[in-house]
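Q: pasting the sequence and the predicted model now:
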Amino acid sequence: VVMTEAAQRFVTPLAAGALVGERVFTDLFDQAQEFDVGHIRLARECDLIIVAPATADLMAKAAHGLANDLASAVLLATDKRVLIAPAMNVRMWQHPATRRNVATLKHDGITIVEPDEGAMACGEFGPGRLPEPAAVMQAIEQALAAGPLAGQPDFEAEPAHRPLFGKHVLVTAGPTHEPIDPVRHIANRSSGKQGFAIAAAAARAGARVTLVSGPVALPTPPGVDRVDVETAREMAEAVRRALPADCAVMVAAVADWRTEDYAPEKMKKRGSAPPALRLTENPDILATVAVSDKRPRLVVGFAAETEKVVEHAQAKLKKKGCDWMVANEVGTDHNPAFGTDHNQVTLITRTNIESWPTSTKAEVAKNLVNRIVSYFEEGQKTHDTDHSNTNTKQAATGS
Ligand code: PMT
């Protein structure tokens, strides 16, 4: 346990030490503490660093690399994953300075456990309450499951090496679960791997990335802002809130239908006939985004097909009003796609059809993000809307 001066005004180091049964560190300039352990060892000899509760002040220091006390020096010296669980007044949380600091911390690969919304000690109401311990524990488990950091974010990188710097990319991933009753749901086989790989590649290219994910068992890629949802309607709402964005890549396998009548109690076996489920259509998130007044400049859909892949994907591109469609065969021996680490896709723009060789989902993501980079660099004119002149080619994409 490391306690700041402010923390010691609320809880004494003696009390914190008695609770955890460990020594508590408080002072960067205490010769005995530095000699015994030292801030560099504290920063390195751990699996994970958790800052809870994090004040606006500490987050500002961490975002700017200040290191004038033990806690901030440990944060600057560490090469381990860092989780920050903020707690502050709603106005402080919403202040543009804090918003900038949160964005910087996320971009640096730090995970923010979003604060809860509710009544505050100061009498105001809104987001800013320390997240519940269960939410912090879940974030800890996810961070530990993700293993050590592959490397520090590239602080030295020039904007040229972060070509999507300043762009907001919205990605959807995973399945949606449509509840039937409290214990059953309609689902599909999407694991989220392809969408998460795209979110990770976009973040590496410097974009601010919002990843709206259905229920999956994947860790959040570094630098990505993740919103977890369960149903198609929740995903539609999370996407609406995340706009505006410069680019949307909708990889999620959204359930087309949900049950019309959710049973609030577990459905029981009655008589011999099984119950019939009446289905009703879910909102089409991609089509809604494509006509929204906050339409991203580039809207990319994914099409999962079991036959006539290109033909069906082209029809979807038109029907849903997106700019590109990435088509993949699914559930076949040739390309199972769901849950696997590989994928074979065809990129369909309004003027081109380009079949990419089978590669890892990470490679597909990297190639797609490269195309997104060129789109923004070259401008829309090279990707215009001429449906009459569609070229078909096999791409030698490489990386
Ligand atoms: O998650 P993985 O295991 O890695 O598998 C990856 C994948 C196979 C799920 C992925 O590559 C893929 O194909 N995603 C799209 C799945 C899908 O739902 O396809 P679709 O043809 O039904 O939908 C077309 C597009 O409309 C998609 O962009 C989808 O997100 C969107 N959609 C669909 C229905 C709906 N109600 N709202 C939507 O926005």
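A: Everything's here; your move.
Q: give me the element residue 373 is part of.
A: Counting by DSSP states H and E, the element that carries residue 373 is helix 361-378.
Q: tell me the buried residues in that helix?
A: Neighbour counts using 16 or more other C-beta atoms under 10 Å place 361-373, 375-376 of helix 361-378 among the buried residues. (Each C-beta comes from the backbone N, C-alpha and C, glycine too.)
Q: and the helices in the stretch 51-200 of the chain?
A: For the stretch 51-200 of the chain, the helices defined by DSSP state H, counting those that start in this stretch occupy 56-64, 70-77, 90-94, 96-107, 133-145, 193-204.
Q: SS state for residue 304?
A: strand (DSSP: H, G, I helix; E, B strand; the rest coil).
Q: residue 65 - nearest residue in space that isn't next to it in sequence?
A: Among residues not flanking residue 65 along the chain, residue 76 sits closest, at 5.7 Å (C-beta to C-beta, 6 or more residues apart in numbering).
Q: tell me the pLDDT of that neighbour.
A: Looking at residue 76, its pLDDT stands at 94.
Q: how much space is there between it and the ligand?
A: Relative to the ligand, residue 76 is positioned 36 Å away (C-beta to the nearest ligand atom, to the nearest Å).
Q: could you do residue 306 as well?
A: In terms of C-beta to the nearest ligand atom, residue 306 sits 10 Å off from the ligand.
Q: that residue and residue 317: what is the separation?
A: Plainly put, residue 306 is 18 Å away from residue 317 if you go by C-beta to C-beta, to the nearest Å.
Q: ok, residue 111 next?
A: In terms of C-beta to C-beta, residue 111 sits 35 Å off from residue 317.
Q: neighbour count winner among these two?
A: residue 111 (26 against 23; other C-beta atoms under 10 Å).
Q: surely that one meets residue 85?
A: No - if you go by C-beta atoms under 8 Å, residue 111 and residue 85 don't touch, sitting 9.5 Å apart.
Q: joint contacts of those two?
A: residue 139 (C-beta atoms under 8 Å, 6 or more residues apart in numbering).
Q: counting neighbours, what do you get for the residue nearest to residue 65?
A: Counted with other C-beta under 10 Å, the neighbours of residue 76 add up to 15.
Q: quick one, what contacts it?
A: Counting by C-beta under 8 Å, 6+ apart, residue 76 has contacts 43, 62, 65-67.
Q: check residue 327 too.
A: Contacts of residue 327 (C-beta under 8 Å, 6+ apart): 302-303, 305, 309-310, 312-313, 345-346, 348.
Q: now swap in residue 261 and tell me
A: Residue 261 neighbours (C-beta under 8 Å, 6+ apart): residue 278.
Q: who wins on neighbours among the contacts of residue 76?
A: residue 62 (23 neighbours).
Q: who's the closest spatial neighbour of that one, skipping the chain neighbours?
A: In space, residue 62 is closest to residue 75, 5.0 Å off (C-beta to C-beta, 6+ apart).
Q: and the gap between the residue of the stretch 1-150 of the chain found nearest the ligand and residue 176?
A: The nearest approach of the stretch 1-150 of the chain to the ligand comes at residue 146, 17.2 Å away (C-beta to the nearest ligand atom). Distance of residue 146 to residue 176, given as C-beta to C-beta: 23 Å.
Q: neighbour-wise, which of those two wins?
A: Under the neighbour definition other C-beta under 10 Å, residue 146 and residue 176 were set side by side, and residue 176 has more, 28 against 17.
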